[in-house]
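A.B. asks: the following comprises the amino acid sequence and a computationally predicted model.
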Amino acid sequence: MSESSPKLVINHTLLCLKAYHKQLGHQGTVYYISDVVSEVDTYEVKFIITQVVINGVISYVLNENKIRELFGVQHQTLQEYREGSNKLPF
């Protein structure tokens, strides 16, 4: 991660999918960082990203490099998105 890269913060960082991905969805799909976990054998830190859908949530685990490859980190925070969106039921 370069020093100019935005920090990934739990329940704060909003992510926008850069391009279509067969599991993650269409370009522009919004996720947020919902938790951080550590691999038991390697201690590698991984992030849980979550998309809110009508029936609940969909979550995936990715490392930071994969997040930065697949997603754009948004300037808008999760809280700002929640307050300005009628789409999110949380």
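C.D. replies: Arrived safely, thanks for sending.
A.B. asks: now the most centrally placed residue in the chain: closest residue in space, sequence neighbours ignored.
C.D. replies: Relative to the mean C-alpha position of the chain, the nearest C-alpha, by CA atoms, centre = their mean, is the one of Y32, at 3.5 Å. Of all residues not flanking Y32 in the chain, L78 sits nearest, at 4.7 Å (CB to CB, 6 or more residues apart in numbering). Every residue, glycine included, has its C-beta placed from N, CA and C.
A.B. asks: tell me the secondary structure for E80?
C.D. replies: At E80, secondary structure determined by DSSP: H, G, I helix; E, B strand; the rest coil is helix.
A.B. asks: that one: neighbour count?
C.D. replies: Using other CB atoms under 10 Å, E80 has 13 neighbouring residues.
A.B. asks: list the buried ones in stretch 41-53?
C.D. replies: For stretch 41-53, a neighbour-count test (16 or more other CB atoms under 10 Å) marks 46-52 as buried.
A.B. asks: possible to save these as TSV with pLDDT?
C.D. replies: As requested, these are arranged in TSV below (pLDDT from 0 to 100):
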residue	pLDDT
K46	97
F47	98
I48	98
I49	98
T50	96
Q51	93
V52	81
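A.B. asks: got a markdown table for the residues you listed, with secondary structure and distance to A19 too?
C.D. replies: As requested, the buried residues of stretch 41-53 are arranged in a markdown table below (DSSP: H, G, I helix; E, B strand; the rest coil; distance: CB to CB, whole Å):
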| residue | secondary structure | distance to A19 |
| --- | --- | --- |
| K46 | strand | 21 |
| F47 | strand | 19 |
| I48 | strand | 21 |
| I49 | strand | 16 |
| T50 | strand | 20 |
| Q51 | strand | 16 |
| V52 | strand | 21 |
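A.B. asks: and those residues, which is closest to L70?
C.D. replies: I49 (9.4 Å; CB to CB).
A.B. asks: residue boundaries of the helices in the protein?
C.D. replies: Here the chain has its helices, by DSSP state H, at 64-70, 78-84.
A.B. asks: what's in contact with the last one?
C.D. replies: What it means is helix 78-84. By CB atoms under 8 Å, 6 or more residues apart in numbering, the surrounding residues in contact with helix 78-84 are 11-14, 30, 32, 74, 76, 88, 90.
A.B. asks: cheers, nothing more for now.
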